[in-house]
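In: sequence unknown, structure follows:
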């Protein structure tokens, strides 16, 4: 068990591996984590979620010899989930399936060009014949974390419109409005 301190919150992490992203830009700690403040006194693995942490974002880490998390080893089901999530979403965006959302985006022609040319952090397109099965469709469907959607699509500005989920559409709207206010 590792105690890790990130800008967001302190965490307990059951580590699996250290890996680089596919462009070898950043190193990540892959494992199961939970906030240290949640479920006080318990460290059983059912309260942990699959996550990846960029090493440069971890401010401090230490081995916690006081906590006992069973054997401290990941079980076969956890190992399977890591392998499956890495294959679907890449090292940077490994996550439990309940954190993966269907993201529907409408692109302008320029947005489609950006999508083709900007590969870093790009989520895989999910083919849905009703919504985006047509070759020249402006609507694309993705299955990814909201973190990945924000990291990738925000830079598209008006060339990509998040159609759903509604909470993510609202988050984009608020972030763009906040950015626009600095120019007033």
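Out: Ah, there it is. Not measured: the values here are computed from a predicted model.
In: switch to C-alpha atoms for all contacts and neighbour counts from now on
Out: Fine.
In: can I see the domain layout of the protein?
Out: 2-96, 100-181 (automatic domain parsing).
In: what packs against the longest helix seen in the chain?
Out: Counting residues, the longest helix in the chain under DSSP state H turns out to be helix 166-181. The contact analysis (3 or more Cα pairs under 8 Å, 6 or more residues apart in numbering; DSSP states H and E) places helix 166-181 against strand 160-164.
In: In terms of secondary structure, what does the strand it packs on contact?
Out: Against strand 160-164 (3+ Cα pairs under 8 Å, 6+ apart) you get strand 101-107, helix 166-181.
In: got the angle for the longest one vs strand 101-107?
Out: Between the direction of helix 166-181 and that of strand 101-107, the angle (axes from the mean of the first three to the mean of the last three Cα atoms, to 10 degrees) works out to 50 degrees.
In: and the angle for helix 166-181 with strand 160-164?
Out: For helix 166-181 against strand 160-164, the angle by the same axes, to 10 degrees is 150 degrees.
In: Quick one: the strands in the chain, in order.
Out: 2-5, 10-20, 27-35, 49-54, 60-63, 101-107, 125-126, 139-144, 160-164 (DSSP state E).
In: want to try TSV for the ones you listed, with mean neighbour count as columns?
Out: Shown next, in TSV, are the strands of the chain (neighbours: other Cα atoms under 10 Å):
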stretch	mean neighbour count
strand 2-5	19
strand 10-20	19
strand 27-35	22
strand 49-54	22
strand 60-63	13
strand 101-107	20
strand 125-126	15
strand 139-144	21
strand 160-164	20
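In: Could you dump the ones you listed into a markdown table and include mean pLDDT and distance to residue 91?
Out: Shown next, in a markdown table, are those (pLDDT from 0 to 100; distance: least, Cα to Cα, whole Å):
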| stretch | mean pLDDT | distance to residue 91 |
| --- | --- | --- |
| strand 2-5 | 74 | 19 |
| strand 10-20 | 88 | 7 |
| strand 27-35 | 89 | 7 |
| strand 49-54 | 90 | 7 |
| strand 60-63 | 81 | 20 |
| strand 101-107 | 94 | 17 |
| strand 125-126 | 80 | 17 |
| strand 139-144 | 92 | 13 |
| strand 160-164 | 96 | 24 |
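In: Of all the ones you listed, which one comes closest to residue 81?
Out: Evaluated over those, closeness to residue 81 peaks at strand 49-54, with 8.1 Å, by Cα to Cα.
In: sorry, back to before: who wins for proximity to residue 141 among the helices and strands packed on strand 160-164?
Out: Short answer: strand 101-107, nearest of the helices and strands packed on strand 160-164 by Cα to Cα, at 4.6 Å.
In: ok, that closest one: who's next to it in the sheet?
Out: strand 139-144 (antiparallel), strand 160-164 (antiparallel) (DSSP bridges).
In: Quickly list what the nearest residue to residue 63 once chain neighbours are set aside is bridged to.
Out: In this structure, residue 63 finds its nearest non-sequential neighbour in residue 2, 4.6 Å apart by Cα to Cα, 6 or more residues apart in numbering. On the basis of DSSP bridges, residue 2 is bridged to residue 13, residue 63.
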